[in-house]
Structures are given as C-alpha cells and as structure tokens.
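In: Predicted model follows, preceded by the sequence.
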Amino acid sequence: MTKYIIRRLLLAIPVIFLMILATFVLVQSMPGGPFDAIGQRSMPEHMRILLEKRYGLDKPLYEQFFIYLGNLLQGDLGPMLRQPSQTVNDIVAQTFPVSIQLGLMSVMLGFMLGIPLGIIAALNHNNTIDYVTTFVAVISVSIPTLVLGPFLIYTFGVKLDLLPIAFWGADPPFLLGFLPPLNKKFFMHAAMPVFAMGTGMAAGITRLTRAGLLDVLSADYIRTARAKGLRERVVIVRHALKNSLIPVATIIGPLLAAAVTGSFITEQIFALNGMGRRFVESIGQREYFLQTSLVLIYGLLLIMGNILVDVLYAWLDPRIRYD
C-alpha cells in the first residue's frame with residue numbers, strides 16, 4: 001500500500017503541472033484585465049502600464065508562468081492585484097478554514113444521515129418505510145441550495161429568529177482550521193449553511209447505500225451466513241454492510257472536494273468569507289494569481305480525496321491489493 005500511495009503521488013505531479021498551466025493560460029485569456037477599470041472610473045493609461053510592469057504582467061505569458069511556478073515552489077501563491085496590502089497567501093489563510101470546516105461538517109452530516117437511512121430503506125425493501133425514505137431522498141436531491149438557503153434564512157432567521165442568518169462563528173480558526181470549535185456560537189452560525197449543503201449529500205448517499213446493501217443481501221455468502229444460524233444483526237453488520245459501502249466510499253473523495261469547491265452558492269447566500277465566495281469575486285476582478293491558486297488547491301483536494309478512496313477500498317474489501 002505504501003508503494004502504491006507513493007506511486008500515485010508521483011503520478012500526480014504532471015497532473016498538477018498541467019492543471020496549473022491550463023488554468024494560468026485560460027484566466028489570462030479572458031477579455032479585460034485587473035487594471036482596466038476601478039469602480040466607475042477608468043484608470044489612466046500610464047498608471048495601468050506602471051502597475052502591469054510592477055506585477056510582471058507586461059512580460060510574455062510563458063515567462064509569467066515560469067515566474068509564478070518558481071514562486072509557487074517557494075510557497076508564494078502570488079500578489080493580490082486589486083488589494084496590494086494583501087497577498088494570495090493571506091486570502092487563503094483567511095478563507096480556507098471557513099471552506100474546509102463547512103465542507104467537512106456538511107460531508108459528516110451527509111454520511112450521518114445518509115448511511116442509516118439507506119440501511120433502513122434496504123432492510124424494509126418495497127414497503128412504506130422504503131417508499132417514504134426514497135421519496136424524501138429524491139426531494140432533497142431536487143431542491144438546490146439556491147432555493148433551500150433563502151428558505152432557511154427566512155424561516156429560522158427572520159420569522160422565528162432562532163439562528164443567525166449570516167457569517168461564520170469561528171474566529172480565530174481552531175486547530176489550523178480543520179476542526180470546528182466546540183461552542184454554541186459556532187454551531188448556531190453553522191447550522192443553516194451545513195444543513196443546506198449536507199441534506200443534498202445525504203440524499204445521494206442514502207440512495208447509494210440502499211442500492212449497495214440490496215445488492216449484497218442477495219449474494220450467496222449472505223444466504224450461507226443466514227443458513228448457519230447467525231443472527232440477522234450479525235449478518236447485516238459483519239457481512240453485508242462493509243461490502244455494501246464500497247459504492248459509498250467511491251464518492252468520498254469527489255464529495256469532499258465538491259463540498260469545498262461547490263460551496264460558492266452557500267457562501268454567497270450566508271455571507272461566509274470562504275474560498276468559494278472569493279473565487280467568484282476574483283473572476284470579475286481578474287485576480288489572475290488568486291484564481292490560479294484556488295484552482296490548484298481544489299485540484300490537490302480532489303487528488304488526495306481519490307487516494308483516500310483507494311485506501312478505503314483495500315480496507316473494505318480484503319480482495320483488493322495494490323502491491
């Protein structure tokens with residue numbers, strides 16, 4: 001397994017390089033530039049030329065790319081073109097904790113709701129409980145965050161006045177931003193955005209768990225286990241459930257990356273200072289270095305998530321070997 005992980009990490013290097021190259025070229029191919037206009041007034045031509053020279057934007061594109069790549073290898077993600085008092089490193093340090101906490105908590109909620117509901121639906125196949133669970137899952141998948149978010153804000157924030165309608169309750173970030181602080185203020189702020197993202201994930205996980213468990217329950221080794229006189233709980237927990245979770249494990253990596261990268265709408269609706277919101281703003285402002293760096297972070301999360309999925313495969317199914 002160790003050799004396989006090292007091999008995957010080495011193979012990820014050219015993928016990361018091509019991802020950076022494609023993103024760098026595409027973001028600079030967009031019409032306009034960061035200094036074309038500020039506010040309602042156009043910038044004087046001589047000032048624009050001076051600023052482009054200051055940040056190296058007057059150089060050929062290939063030269064700009066290798067300068068950025070060299071700085072990146074030293075841990076420098078680049079300057080902010082519209083906010084010279086900050087760098088991209090500062091923006092990432094401020095926004096990454098919010099996005100990763102939101103993403104992790106949403107994924108956790110999705111699995112905590114989805115797996116038990118999927119098991120319940122599979123064990124009650126083709127009866128009322130199964131139909132109700134499947135119906136709720138379909139409804140949850142069908143309602144986008146763009147609709148659910150404002151509904152939660154109006155209901156629980158405005159009408160009932162139970163939860164804060166905006167901002168993130170963790171300041172400063174706790175434990176390098178990965179784990180949330182255990183206090184009431186944080187969970188009050190996190191409740192609605194996490195629920196808005198997590199319910200859609202839970203619905204998909206419910207359907208995958210149900211389908212996987214139904215498939216496993218019809219296998220020969222399950223019939224053999226029951227024929228030996230094992231209790232139904234032992235058959236389900238020890239023999240059926242572990243193998244049925246392989247399809248669910250497949251989506252953990254992409255789901256985790258999507259929870260961070262796909263939080264654009266959630267962060268915008270709930271006014272969260274996360275990476276998704278800053279990424280959307282950077283497109284209109286033509287913040288080349290910020291756009292490229294955030295895409296790089298998203299790509300790294302996706303690569304690491306896929307490696308995690310491969311490791312989970314080997315744990316869930318002993319027949320899978322990588323070495």
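Out: Good, I have the coordinates. Residues are numbered from 1 along each chain as shown.
In: where in the stretch 201-323 of the chain is pLDDT low?
Out: Residues of the stretch 201-323 of the chain that meet the criterion pLDDT under 70 lie in 261-262, 317-323.
In: go again using 80 as the cut-off
Out: 239, 242-243, 247, 249-250, 252-264, 309-323 (pLDDT under 80).
In: Helices of that one, residue ranges please.
Out: 220-227, 232-234, 241-244, 246-250, 252-261, 264-269, 275-285, 288-316 (DSSP state H, counting those that start in this stretch).
In: now swap in the stretch 1-150 of the chain and tell me
Out: 2-29, 45-54, 61-73, 88-123, 128-142, 145-152.
In: My guess is residue 276 contacts residue 264. True?
Out: Yes: using C-beta atoms under 8 Å, residue 276 is in contact with residue 264, at 3.9 Å. C-beta coordinates here come from the backbone N, C-alpha and C atoms, glycine included.
In: So which of the two has more stuff around it?
Out: More crowded of residue 276 and residue 264, by other C-beta atoms under 10 Å: residue 276, with 24 against 17.
In: what's the neighbour count on the residue nearest to residue 303 when sequence neighbours are not counted?
Out: Take residue 303 and drop its neighbours on the chain: the residue closest to it by C-beta to C-beta, 6 or more residues apart in numbering is residue 12, 4.9 Å away. The local packing of residue 12 (other C-beta under 10 Å) involves 17 other residues.
In: Mind pulling up the pLDDT for residue 12?
Out: Confidence at residue 12, expressed as pLDDT, is 87.
In: ok, now the one 3 residues further on?
Out: Here, the pLDDT recorded for residue 15 equals 89.
In: Equivalent analysis for the one 3 residues further on, please.
Out: Looking at residue 18, its pLDDT is 92.
In: quick one: it from residue 75, how far?
Out: 21 Å (C-beta to C-beta, to the nearest Å).
In: Repeat that for residue 96.
Out: According to C-beta to C-beta, residue 96 and residue 75 sit 14 Å apart.
In: Looking at these two, which is more packed in?
Out: residue 96 (19 against 7).
In: Wait, the more buried one touches residue 300, no?
Out: No: counting by C-beta under 8 Å, residue 300 is not a contact partner of residue 96; they are 11.5 Å apart.
In: What residues of stretch 77-88 count as buried?
Out: The neighbour-count check on stretch 77-88 (16 or more other C-beta atoms under 10 Å) flags 77, 78, 79, 80, 81, 87, 88 as buried.
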